[in-house]
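**Q** requesting a structural model of the entry that follows:
(one chain, ligands or ions: 1)
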Amino acid sequence: MFQFFCCRVSINAPVRPLYLFPRCKKTANTGNLLRLYTPTSNASSSSQQPGNAVKRLWCLTRKAALRSPRTSKHPGVALKFILGPAVLTVSARLFSRVAYCEADVNNNIPLEAAAKKPPPEFKWHILWEFVKPQLFALVGAVVLAFAAAILNIKIPLMLGDLVNVVAQYLREQTRNYIQEISAPALKLLALYGLQGLLTSGYIILLSRVGERVAADMRKTLFASLLRQDVAFFDANKTGQLVNRLTADIQEFKSSFKLVISQGLRSVTQTAGCFVSLYIISPQLTGLTVVVLPCLVGAGALIGSFLRKLSRLAQEQVAKATGVADEALGNVRTVKAFAMEERELQLYAYEVDKSCDLNENLGAGIAVFQGLSNVALNCIVLGTIFAGGTLIANKEMSPGDLMSFLVASQTVQRSLASISILFGQMVRGISSGARVFEYLALKPSIPLSGGRRIPYHSLTGRVDFTNISFSYPTRPGHQVLKKFNLTLPPCKTVAIVGESGGGKSTVASLLERFYDPTSGAIMLDGVDIRTLDLSWLRGQIVGFINQEPVLFGSSIMDNIRFGKPEATDAEVIYAAEQANAHRFITAFPDGYNTIVGERGVTLSGGQKQRIAIARALIKNPTILVLDEATSALDAESERVVQEALDRATRGRTVLIIAHRLSTIQAADLICVMSNGRIVEAGTHLELLSKGGFYSELIRRQRAEGQK
Ligand SMILES: Nc1ncnc2c1ncn2[C@@H]1O[C@H](COP(=O)(O)OP(=O)(O)OP(=O)(O)O)[C@@H](O)[C@H]1O
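**A** Predicted coordinates:
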């Protein structure tokens, strides 16, 4: 009976990450977890670090659970080993359902927004594009799977022949048993061998097709994501995007493989075996047709109850994970407040709750398993009882009864497979649809194409003319209003002003992270919308911001990120210009020093100087410094400022500054308020005016004296 609800999903079951996330986003413990997985653009990967730590913690917990007597507390792991393959299959089902919950949660979309957004459509033509290159292997897999299914139908009949030979020998005892049995036995053996070969063949082919389709999808999706506008990343959380690349494609791949292999086999076997059953004994088949649906129905009910229980248990596990994630993610704060004990208590409380829920789930699975076994055995018993009566009445041979039993088992397994496959197919289609949604997206700002201004004639003059702008995610809020500004060639223009006034937005528009709603930005009199974007960003505009983001590779690679083809000598020269060479060479590994995730092993000032070197190596005509020194202490600021002074020479420079002391030497200082320039001039001119700028200076001095 139990097998009605089980199939060999474990073979193709998706390999799930061991960490799980809460479905409910409103609990106190999950808030921070979600924050950790919904990083801002400046903090994406560091925020995932604690997540990794928790994954490891969870892995260890699971390993420990397997080793310890408390193994039984986590039925998903432990019962698989204790209760054997049948439970393993149901666990696979239950856990694959739970994993589905995880996929939902990882999306990180506000619940209300997610509810409003219609689910993406599954586009078969996109799938076809991925499957087409694997068509040969796919057709091969389908043919082999079909052949294996046909053999599966034949095997019960041959088993019956074999039993008939045995029964005949027992009755007559006159013939040569070995001689009689060897022909059908060898035939059956050959059939088993052939079936094994066919099964291996189609699994190999199908896994090749599945893996290649998934790899192609991942590469195409990643390329598509990288091509998207910055506005796209404003609107979509990193966790959601990574989830599509990983969990959704994994889910789709598993479903794809499962539906083709198991689906084809199960449908063929069910139909074929029913015909066999009917041919063997119409009476027994009639009985089966009455009993089977009742048992399937009862099993489905209990199964759905257990799945619900499993989901609750997993949500609780996720809550516990959330507590650990939060504590490990903020470990410095925890330690600073000596809150280790409290965090441990919080974690222990959640873990114990999850332990209780999992124990209940384990008990539920155990009862289900027991009932299934009883039901299954009753079916066998009932078949033998009814079949025996038919044999006694000479309406059936013992071999036929054997064939009937084996064929009915095959039908049971196939029906179980089909019921699970249906759910898997629905999940696969929705995962695929989520992946395809992003594949089909076209960026509104193309990365390449357009003209380039010859380097020798490029002066680096920039004009912002009548720029109005609202961020696409907040169309009702106008950040820039008829904004006009000129950056003369080789001059330094600074923008200062109140927080939220739109200063960084000006820099973003110059980088063409967004296009203005109206107005135009001209480079040497050419609208930058007509220029080749990869040329503009890659060679013309250098950008250094407050929190430089480094990659977890070597210093050499980080600087070379600005110009991949740069020689070592160029890298070193850029580092010298950025005041970084001396501290880099003081490290034991010099330029080969690995900076750690996002550069955690470097100080703020060191990171900033590497970022300056990275920007300088491409020798940009225009340099944008967005609060480049505001996060540094006085000493680091001095060293970095020295580097910046050198870096800005001979370039058009736009400085966005908080600390007014750093921009006093600028050729032009513009004060911005409410999306407009309200005052402009040199430091001395503005001071003598006694307007906004002098007020800003006065306020900053007053703050400095506090
Ligand atoms: N990606 C974004 N999506 C939507 N709104 C944004 C985005 N970035 C900034 N804003 C909004 O645009 C306005 C201007 O922001 P901007 O960062 O340009 O100001 P700022 O003058 O640089 O501020 P600060 O000095 O505090 O850095 C603010 O109201 C801000 O909330």
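**Q** show me the shaky parts of the chain.
**A** 1-118, 173-175, 239, 629-636, 703-706 (pLDDT under 70).
**Q** residues from it in reach of the ligand?
**A** For the chain, the contact set with the ligand under C-beta under 6 Å from any ligand atom comprises Asp234, Tyr471, Thr473, Arg474, Val479, Ser499, Gly500, Gly501, Gly502, Lys503, Ser504, Thr505. Yep, even glycine has a C-beta here, placed from its N, CA and C like the rest.
**Q** tell me how far the spatially most central residue of the chain lies from Gln250.
**A** Centre of the chain computed as the mean C-alpha position; nearest residue by C-alpha atoms, centre = their mean is Asn243, 2.2 Å away. Distance, Asn243 to Gln250, using C-beta to C-beta, to the nearest Å: 10 Å.
**Q** ok, now Leu138?
**A** 19 Å.
**Q** returning to that earlier point: are any of the residues of the chain next to the ligand buried, and which?
**A** With burial judged by 16 or more other C-beta atoms under 10 Å, the buried subset of the residues of the chain next to the ligand is Tyr471, Val479, Gly501, Gly502, Lys503, Ser504, Thr505.
**Q** looking at the residues you listed, which are in strands?
**A** Val479 (DSSP state E).
**Q** quick one: which of the buried ones among the residues of the chain next to the ligand is nearest to Asp557?
**A** Using C-beta to C-beta, Ser504 comes nearest to Asp557 of those, at 27.4 Å.
**Q** which parts of stretch 356-376 are buried?
**A** Here stretch 356-376 shows 357-359, 361-362, 364-366, 368-369, 371-372, 375-376 as buried, counting by 16+ other C-beta under 10 Å.
**Q** ok, back up a step: show me how far the helix or strand harbouring the residue nearest to the centre of the chain is from its chain's centre.
**A** Assigned by DSSP states H and E, Asn243 falls within helix 238-243. Remark: helix 238-243 is offset 5 Å from the chain centroid, using C-alpha atoms, centre = their mean, to the nearest Å.
**Q** likewise for stretch 212-222?
**A** 13 Å.
**Q** just the C-alphas of stretch 155-174, formatted as CSV.
**A** Presented in CSV, the C-alpha positions along stretch 155-174 are these (Å, rounded to 0.1, in the frame of the first residue of the first chain):
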residue,chain,number,x,y,z
ILE,A,155,8.7,-10.0,-17.1
PRO,A,156,5.6,-10.9,-14.9
LEU,A,157,4.3,-13.1,-17.7
MET,A,158,7.6,-14.9,-17.9
LEU,A,159,7.8,-15.3,-14.2
GLY,A,160,4.4,-17.0,-14.5
ASP,A,161,5.8,-19.5,-17.1
LEU,A,162,8.7,-20.2,-14.7
VAL,A,163,6.3,-20.9,-11.8
ASN,A,164,4.2,-23.1,-14.0
VAL,A,165,7.2,-25.2,-14.8
VAL,A,166,8.0,-25.6,-11.1
ALA,A,167,4.3,-26.4,-10.3
GLN,A,168,4.2,-29.0,-13.1
TYR,A,169,7.4,-30.6,-11.8
LEU,A,170,5.9,-30.7,-8.3
ARG,A,171,2.8,-32.3,-9.6
GLU,A,172,4.3,-34.9,-11.9
GLN,A,173,7.9,-35.2,-10.7
THR,A,174,8.7,-37.3,-13.7
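**Q** go through it and flag the buried ones.
**A** 155-169.
**Q** what's the answer for stretch 241-257, then?
**A** The neighbour-count check on stretch 241-257 (16+ other C-beta under 10 Å) flags 241-245, 247-257 as buried.
**Q** tell me the one of these nearest Thr682?
**A** Leu241 (45.3 Å).
**Q** just the helices in the stretch 201-350 of the chain please.
**A** 230-235, 238-243, 249-258, 264-280, 282-329, 331-336, 340-392 (DSSP state H, counting those that start in this stretch).
**Q** most packed of the ones you listed?
**A** helix 249-258 (a mean of 24; mean count of other C-beta atoms under 10 Å).
**Q** so which elements touch that helix?
**A** helix 9-12, helix 85-106, helix 177-227, helix 398-439 (3 or more C-beta pairs under 8 Å, 6 or more residues apart in numbering; DSSP states H and E).
**Q** would CSV of these with mean neighbour count and distance to Leu660 be doable?
**A** Converted to CSV, these look like this (neighbours: other C-beta atoms under 10 Å; distance: least, C-beta to C-beta, whole Å):
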stretch, mean neighbour count, distance to Leu660
helix 9-12, 20, 63
helix 85-106, 22, 44
helix 177-227, 16, 38
helix 398-439, 22, 43
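**Q** out of those helices, nearest to Thr621?
**A** When the helices and strands packed on helix 249-258 are compared for distance to Thr621 using C-beta to C-beta, the nearest one is helix 177-227, at 24.9 Å.
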